[in-house]
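Colleague: Here you go, sequence then predicted model.
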Amino acid sequence: MIIPNEIRPELSLYYIGAKILVNISKFNSECNAFELFENMKQMNTNYSLNQHLMALNWLHLLGVLHLTQDCRLRLC
């Protein structure tokens with residue numbers, strides 16, 4: 001859900017997307033979606049792979065992330 005109607009804002013796509021943007025900028029230039037997910041899990045984020053992929057899709061639709069030919073994520 002993009003904006004949750006519950007008390008846990010850390011499960012919203014806005015929050016997850018922001019965390020993804022912070023973490024993807026720590027990689028040199030590009031990273032794999034699953035490498036990024038594993039990195040996020042080491043930082044004690046508490047969301048599922050499905051939520052991670054939905055947030056990546058949302059960021060791609062916004063034009064913030066680009067998927068390269070070899071399936072790596074890059075900031076636009």
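Modeller: Structure received.

Colleague: Correct me if wrong: residue 60 contacts residue 66.
Modeller: Yes. In this structure, residue 60 is within contact of residue 66 by Cβ atoms under 8 Å, at 7.4 Å. Where C-beta positions appear, they are placed from N, C-alpha and C, glycine not excepted.

Colleague: Check which helix or strand the most centrally placed residue in the chain maps to.
Modeller: Nearest residue to the geometric centre of the chain (Cα atoms, centre = their mean): residue 20, 3.7 Å. Using DSSP states H and E, residue 20 sits in helix 13-24.

Colleague: Tell me the gap between that helix and the middle of its chain.
Modeller: Per Cα atoms, centre = their mean, to the nearest Å, the displacement of helix 13-24 from the mean C-alpha position of its chain is 5 Å.

Colleague: which helices and strands does that helix pack with?
Modeller: The helices and strands touching helix 13-24, judged by 3 or more Cβ pairs under 8 Å, 6 or more residues apart in numbering; DSSP states H and E, are helix 33-42, helix 49-62, strand 73-75.

Colleague: Export these as a markdown table, with columns for mean pLDDT and mean neighbour count.
Modeller: As requested, those are arranged in a markdown table below (pLDDT from 0 to 100; neighbours: other Cβ atoms under 10 Å):
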| stretch | mean pLDDT | mean neighbour count |
| --- | --- | --- |
| helix 33-42 | 88 | 15 |
| helix 49-62 | 93 | 15 |
| strand 73-75 | 90 | 16 |
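
Colleague: out of these, which comes closest to residue 9?
Modeller: For these, distance to residue 9 was read as Cβ to Cβ. The smallest value, 13.0 Å, belongs to helix 49-62.

Colleague: Tell me what angle the closest one forms with helix 13-24.
Modeller: Regarding helix 49-62 and helix 13-24, their directions subtend 80 degrees when assessed with axes from the mean of the first three to the mean of the last three Cα atoms, to 10 degrees.

Colleague: Now the element after helix 49-62, going C-ward?
Modeller: Next helix or strand after helix 49-62 toward the C-terminus (DSSP H and E): strand 65-67.

Colleague: Give me the buried stretch members for that next one, please.
Modeller: Burial within strand 65-67, assessed by neighbour count using 16 or more other Cβ atoms under 10 Å, is assigned to residue 65.
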